[in-house]
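Asks: Generate coordinates for the sequence data below:
(one chain, ligands or ions: 2)
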Amino acid sequence: MQQTSQMIDPFGRNISYLRVSVTDRCDFRCTYCMAEDMTFLPKKDLLTLEELDRLCTVFVEKGVRKLRLTGGEPLVRKNVMHLIRQLARHLDSGALDELTLTTNGSQLARHAAELAECGVRRINVSMDTLDPAKFREITRWGDIDKVLRGIDAAQEAGIKVKINAVALKDFNDREIPDLMRWAHGRGMDLTLIETMPMGEIDADRTDQYLPLSSMRASLAETFTLTDIPYKTGGPARYVEVEETGGRLGFITPLTHNFCENCNRVRLTCTGTLYMCLGQEDAADLREALRASEGNELVSNAIDEAIGRKPKGHDFVIDRATRRPAVSRHMSVTGG
Ligand code: SAM
Ligand code: SF4
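Replies: Ligands and ions are numbered 1, 2, ... in the order given. Below you'll find the model as predicted:
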């Protein structure tokens with residue numbers, strides 16, 4: 001299939017990257033992401049796998065070149081491999097450049113070989129600490145050994161792994177050098193993410209927030225960090241670390257303006273399209289999808305939504321009210 005069109009937003013940005021949260025459920029409960037006692041969506045509200053495929057296909061026809069499945073935990077959605085197999089046809093046809101995943105890695109050992117077969121070349125695995133007890137604490141019930149086995153399986157299958165770690169004050173800040181040496185030692189890039197104030201959690205976000213500018217300054221006391229123009233299509237800024245020979249990325253939504261080159265929109269598992277991670281405005285695509293067998297209605301609804309994509313986000317960790325800037329959890333849109 002040839003790319004037929006492009007989606008250009010009001011600020012001239014070409015929307016070529018779709019992130020799809022295929023489920024809001026997860027087998028972990030990371031303390032910065034979810035409350036322990038989360039209420040998940042009723043299953044009947046979810047788009048079926050066929051509907052997700054149809055919607056993603058419309059986006060691909062409208063110019064999306066990169067598709068990332070996320071969640072919740074994408075690999076806990078029942079039969080998700082069927083969806084991935086279906087979507088892989090767009091790689092084969094050349095309509096899509098990349099089909100990828102952000103995962104907590106817990107189910108990766110089972111799926112890695114099949115993911116590679118489908119044409120998945122790179123994945124992001126989230127891992128905030130290498131200490132098994134701390135891993136259990138931050139995920140509330142995750143087993144680090146399963147994740148490590150998943151990473152092994154992915155690398156054996158020839159999939160490139162990037163590690164994502166949320167930088168958390170007084171939790172993993174002192175461990176970041178070790179996490180980086182470990183990741184780089186295994187040929188994996190490491191990207192550090194600042195906590196974003198999304199959704200009510202049980203902890204106080206102002207206690208967790210660690211500005212990456214100070215993290216970078218403290219790393220620079222031990223390591224030689226050189227800015228490089230490396231880009232993966234995301235908002236991370238990368239440095240090369242001379243001592244390890246690896247790459248370190250920083251995603252700083254709060255301290256930097258990361259919106260100017262924003263090329264992405266986010267679809268939830270109920271068919272709601274968020275034009276910005278840090279804004280509440282959204283468009284319902286499910287109704288248009290279900291209203292007709294043809295794709296014209298949903299295509300028009302997408303155009304209308306892209307026409308409202310805002311210039312940037314309003315994230316702020318509000319010390320006065322201690323309320324999240326955005327009421328939905330990160331697991332709704334998948335980060
Ligand atoms: N379950 C998968 C995982 O953990 O990789 C995919 C979904 S998760 C919501 C995507 C990414 O968002 C993870 O790297 C996670 O650490 C990050 N994340 C979750 N809540 C966050 C928050 N409040 N601020 C910053 N990053 C967050
Ligand atoms: Fe689950 Fe990922 Fe959120 Fe952790 S960050 S609770 S693994 S969705």
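
Asks: The closest residue in space to residue 156 that isn't next to it in sequence: how many residues sit nearby?
Replies: Once its chain neighbours are removed from consideration, residue 156 has its nearest residue in residue 112; the separation is 7.2 Å (Cβ to Cβ, 6 or more residues apart in numbering). Heads up, the C-betas are built off the backbone N, CA and C, glycines and all. Around residue 112 sit 25 other residues, with neighbours defined as other Cβ atoms under 10 Å.

Asks: check which helix or strand covers residue 112.
Replies: With the criterion set as DSSP states H and E, the secondary-structure element containing residue 112 is helix 108-118.

Asks: Pull out the buried positions in whatever helix or strand comes next after that helix.
Replies: Moving toward the C-terminus from helix 108-118, the first helix or strand encountered (DSSP H and E) is strand 122-126. For strand 122-126, a neighbour-count test (16 or more other Cβ atoms under 10 Å) marks 123-126 as buried.

Asks: any chance of those residues in a markdown table, plus distance to ligand 1 and pLDDT?
Replies: Supplementary listing: the buried residues of strand 122-126 in a markdown table, determined by distance: Cβ to the nearest ligand atom, whole Å; pLDDT from 0 to 100:
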| residue | distance to ligand 1 | pLDDT |
| --- | --- | --- |
| 123 | 9 | 98 |
| 124 | 6 | 98 |
| 125 | 7 | 98 |
| 126 | 3 | 98 |
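
Asks: Among those residues, which one sits closest to residue 16?
Replies: If you rank those by distance to residue 16 using Cβ to Cβ, residue 124 comes first, at 18.2 Å.

Asks: what does the stretch 1-150 of the chain have sitting close to ligand 2?
Replies: Residues of the stretch 1-150 of the chain lying near ligand 2 by Cβ under 6 Å from any ligand atom: 26, 28-30, 33-34, 71-73, 104, 126.

Asks: switch the cut-off to 5 Å
Replies: 26, 28, 30, 33-34, 104 (Cβ under 5 Å from any ligand atom).

Asks: Any chance of CSV for the residues you listed, columns pLDDT and secondary structure?
Replies: Output for these, formatted as CSV (pLDDT from 0 to 100; DSSP: H, G, I helix; E, B strand; the rest coil):
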residue, pLDDT, secondary structure
26, 97, coil
28, 97, coil
30, 95, coil
33, 91, coil
34, 92, coil
104, 98, coil
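
Asks: and residue 310, how many neighbours does it have?
Replies: Residues contacting residue 310 under the criterion other Cβ under 10 Å number 16.

Asks: part of a helix, is residue 287?
Replies: Yes. Per DSSP: H, G, I helix; E, B strand; the rest coil, residue 287 lies within a helix segment.

Asks: Parallel or antiparallel, list what pairs with the biggest strand by length in the chain.
Replies: Scanning the chain for the strand with the most residues, using DSSP state E, yields strand 160-167. The sheet places strand 160-167 alongside strand 122-126 (parallel), strand 189-194 (parallel), with pairing taken from DSSP bridges.

Asks: can you tell me which residues contact the one residue in the stretch 51-200 of the chain that gets nearest to ligand 2?
Replies: For the stretch 51-200 of the chain, the residue closest to ligand 2 is residue 104, as judged by Cβ to the nearest ligand atom, at 3.6 Å. Taking Cβ atoms under 8 Å, 6 or more residues apart in numbering as the definition of contact, the neighbours of residue 104 are 26-28, 73, 125-126, 139, 142, 147.

Asks: swap the cut-off to 6 Å and go again
Replies: Contact partners of residue 104, counting by Cβ atoms under 6 Å, 6 or more residues apart in numbering, are 28, 73, 126.

Asks: so the first one touches residue 144, yeah?
Replies: In this case it means residue 28. No. Shown here, residue 28 and residue 144 do not form a contact pair, counting by Cβ atoms under 6 Å, at 11.0 Å.

Asks: Those two: which has the busier surroundings?
Replies: Each of residue 28 and residue 144 has its neighbours counted (other Cβ under 10 Å); residue 28 has more, 24 against 19.

Asks: Excluding chain neighbours, what is closest to the more buried one?
Replies: Spatial nearest neighbour of residue 28, chain neighbours left out: residue 139 (4.1 Å); criterion: Cβ to Cβ, 6+ apart.

Asks: Compute the number of surrounding residues for that neighbour.
Replies: Using other Cβ under 10 Å, residue 139 has 25 other residues around it.

Asks: now the strands: where do they sit in the chain?
Replies: Going by DSSP E, the chain shows strands at 17-21, 66-70, 98-103, 122-126, 160-167, 189-194, 225-228, 237-241, 246-251, 264-267, 272-274, 282-284.
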